[in-house]
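> got a predicted structure plus its sequence, pasted below:
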Amino acid sequence: MLFSESLRSMTSNLSTTMAATLTVLIGMFLVGVLLAFGTWARSWSDTKKGELMVKVYFCTDLQCGKQDIAREATPKQMAKVRNQLLANPLVKPNGVKFVSKADGLAKMRKEQPEMVKALQSNPLPNSLEVIPRSGEDTTKIGEALSNAHLAGVDEVKWGQKTTSRVLQLAHVIESVFLFAVAILLAAAMILIANTIRLSIFSRRREIEVMKLVGASNWFVRGPFMLEGLLCGLVGSMLAVVLLLVAREAVAAPILDNLDAAEGAHAIAFGLNALILCGLGLLIGGVGSGLTVRRFLKV
């Protein structure tokens, strides 16, 4: 009975019902696209933040910062710095790696052989690679080490410009994603609410008769509530179908290549589809519920 009443209400206002359903379809499709690319971009930014590190270079017998006399850092000095970093709550557990000058030279020979092929000796210093718990902590660790002027430490680097750009980009991605999703959901909810309002207006005489013969409040309100839920659910399901077609035809090759190239990944399609259906039901229920409460006085 409730379902048939809802269908009758939807078919009697077919144009507004289709408009609301199409709005939900478009909105949910765009939300699905945003979820896919937004989660990929978030994963990419997390990957880049995970690559951020602080590098501590120790003194060599050739140079030691601004000191007049260059002396190579002793094992005791290097161990002290390493232990202090391991005790730092901003540093990831076991996130301090010692890189000897020999290891540094071997790595450079592998990555940039043209720069070291003419070297007669090893000019590289011993160093520490420090991985923070969070990318946002990179600058804090780097600045604290620089200001501490620890014995045996020649220089501290953490890619200040690169770090700042990566973190700013991550925040921009999050803000744009949340704002766009909020706008799309609000637009779909408003149109569903207007559809229910028109349905109530077109059936106002029928509602009065139902109340006169003793119909309960929820018997009157139920079909309108269900109508909003159906609009939201049908629009979301159609958006999932459209998203699947777009994914197979266009997005899959692009995302596969991006995943392989950057080590990032987008949200699973099945989870994306469930989220869209849940959002469709939510905005349909909220939109119809608010409208029924405001305009249907029974």
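In hand now; what should we look at? Numbers count the residues shown, from 1 in each chain.

> so for whichever helix or strand residue 226 is part of, mean pLDDT?
If you go by DSSP states H and E, residue 226 is part of helix 217-246. Helix 217-246 carries an average pLDDT of 80.

> flag every buried residue along it.
220-240, 242-243 (16 or more other C-beta atoms under 10 Å). In this view, the C-beta of every residue, glycine as well, is placed from N, C-alpha and C.

> and residue 246, how far is that from residue 136?
According to C-beta to C-beta, to the nearest Å, residue 246 and residue 136 sit 35 Å apart.

> then residue 109?
34 Å.

> likewise for residue 291?
Distance from residue 291 to residue 136, by C-beta to C-beta: 43 Å.

> in terms of neighbours, single out the busier of these two.
Neighbours were tallied for residue 291 and for residue 136 using other C-beta atoms under 10 Å; the higher tally belongs to residue 291 (24 against 15).

> secondary structure element holding that one?
helix 269-295.

> quick one, strands of the stretch 51-200 of the chain?
54-58, 91-99, 127-132, 153-157 (DSSP state E, counting those that start in this stretch).

> the most centrally placed residue in the chain in helix, strand or coil?
In the chain, the centroid-proximal residue (C-alpha atoms, centre = their mean) is residue 42; its distance is 3.8 Å. Per DSSP: H, G, I helix; E, B strand; the rest coil, the local secondary structure of residue 42 is helix.

> so how far is residue 43 from the closest residue to it other than its chain neighbours?
Nearest non-adjacent residue to residue 42, counting by C-beta to C-beta, 6 or more residues apart in numbering: residue 173, 6.2 Å away. Relative to residue 43, residue 173 is positioned 10 Å away (C-beta to C-beta).

> and if you look at residue 94?
Residue 94 is 24 Å from residue 43, by C-beta to C-beta.

> give me the more crowded residue out of the two.
Neighbours per residue, other C-beta under 10 Å: of residue 94 and residue 43, the larger number sits with residue 43, 18 against 8.

> quick check, the more buried one in contact with residue 37.
No. If you go by C-beta atoms under 8 Å, residue 43 and residue 37 don't touch, sitting 10.5 Å apart.

> what residues are shared contacts of these two?
residue 266 (C-beta atoms under 8 Å, 6 or more residues apart in numbering).

> now do the contacts for residue 80.
Residue 80 touches 150-152, counting by C-beta under 8 Å, 6+ apart.

> and which of the residues you listed is nearest to residue 32?
residue 150 (51.3 Å; C-beta to C-beta).

> so how far is residue 141 from that closest one?
Residue 150 is 13 Å from residue 141, by C-beta to C-beta.

> residue 183 too?
From residue 183 to residue 141 the distance is 38 Å (C-beta to C-beta).

> so between those two, which is more surrounded?
Neighbour tally, residue 183 and residue 141, criterion other C-beta under 10 Å: the higher count belongs to residue 141, 24 against 12.

> how many residues are close by the spatially closest residue to residue 84 that is not a sequence neighbour?
Closest residue in space to residue 84, ignoring its immediate chain neighbours: residue 150 at 7.6 Å, by C-beta to C-beta, 6+ apart. Other residues within reach of residue 150, judged by other C-beta under 10 Å, total 18.

> quick one: contacts for residue 150?
By C-beta under 8 Å, 6+ apart, the neighbours of residue 150 are 77, 80-81, 84.

> before we move on, the earlier item: my guess is the residue nearest to the centre of the chain contacts residue 174, does it?
Yes. At 6.9 Å, residue 42 and residue 174 qualify as touching, with contact defined as C-beta under 8 Å.

> give me the domain ranges for this protein.
2-48+165-295, 53-157 (automatic domain parsing).

> check the ones you listed for me: which has the lowest mean pLDDT.
Among the domains of the chain, domain 2-48+165-295 scores lowest, at a mean of 73.
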